[in-house]
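1. Would you be able to build a 3D model of this:
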Amino acid sequence: MKKIALFAFLGLTIAFSGCSRDEKKGGQKQANSKLPVFALVDSAAYDFGTIQEGAIVEHEFKFRNDGEYPLILNNISSSCGCTTPEWPKDPIEPNQTSSIKVRFDSKHKVGPQVKTITVYANTEPAYTELRLKGIVNAAPQPAVADSAAEKQTAEK
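-> Coordinates of the predicted model:
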């Protein structure tokens with residue numbers, strides 16, 4: 001008799017604990033659905049093509065808050081000091097569109113380039129990555145060096 005009561009007690013305990021887990025999962029889903037949503041209007045990557053060393057590339061990543069609460073961009077960091085982001089400091093209301101302006105200075109950056117911009121916000125997941133990519137051709141050497149070499153040749 002004690003064994004039956006023990007099994008009944010264990011069965012009820014398991015049943016109730018299973019219900020509470022489902023409620024927690026459902027509650028978590030409901031909370032996540034109300035979070036702000038960082039939704040890119042275009043693409044998360046921008047290919048600036050081929051440029052000359054020293055050129056500055058600017059691009060605006062447009063996004064919308066597809067959530068039910070205001071979107072707050074807490075911070076934005078870049079993978080390199082040559083890439084600087086500018087972003088709205090005020091909350092972006094639901095269904096409102098805004099943009100992040102990114103500036104890449106190609107000075108001393110020759111060859112294929114991929115720069116990552118990480119956007120931290122009150123979203124789930126807590127960050128989104130954007131990318132700038134392209135190729136930087138070396139700047140032509142100044143003509144002064146060529147004329148100095150010509151002078152040395154002419155003097156001989």
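
2. what sits up against stretch 49-65?
-> Outside stretch 49-65, the residues that touch it by Cβ atoms under 8 Å, 6 or more residues apart in numbering are 36-42, 44, 46, 48, 71, 92-110, 117, 130, 132, 134-139. Heads up, the C-betas are built off the backbone N, CA and C, glycines and all.

3. tell me how far it is from the chain's mean position?
-> Taking Cα atoms, centre = their mean, to the nearest Å, one finds stretch 49-65 lying 14 Å from the centre of the chain it belongs to.

4. gap between the two ends of it?
-> 29 Å (Cα to Cα, to the nearest Å).

5. For that stretch, which residues meet the burial criterion?
-> I51, A55, V57, H59, F61, F63, R64, N65 (16 or more other Cβ atoms under 10 Å).

6. Ok, stretch 62-81 next?
-> Buried residues in stretch 62-81 (16+ other Cβ under 10 Å): F63, R64, N65, G67, L71, I72, L73, I76, S78.

7. Quick one: mean pLDDT for it?
-> Averaged over stretch 62-81, pLDDT sits at 97.

8. Return the subset of the buried residues of stretch 62-81 lying in strands.
-> F63, R64, N65, L73, I76, S78 (DSSP state E).

9. Can I get stretch 87-94 in CSV, CA atoms only?
-> Taking C-alpha atoms only, stretch 87-94 is exported to CSV below (Å, rounded to 0.1, in the frame of the first residue of the first chain):
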residue,chain,number,x,y,z
TRP,A,87,23.7,55.6,-34.8
PRO,A,88,20.5,57.1,-33.3
LYS,A,89,20.7,57.6,-29.5
ASP,A,90,17.0,58.0,-29.0
PRO,A,91,14.7,54.9,-28.8
ILE,A,92,13.2,53.8,-32.1
GLU,A,93,9.5,53.2,-31.7
PRO,A,94,7.6,50.2,-33.0
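
10. Show the contacting residues for the residue sitting nearest the centre point of the chain.
-> Centroid check for the chain by Cα atoms, centre = their mean gives E129 as the closest residue, at 2.2 Å. In this structure, E129 makes contact with A44, T116, I117, T118, V119, judged by Cβ under 8 Å, 6+ apart.
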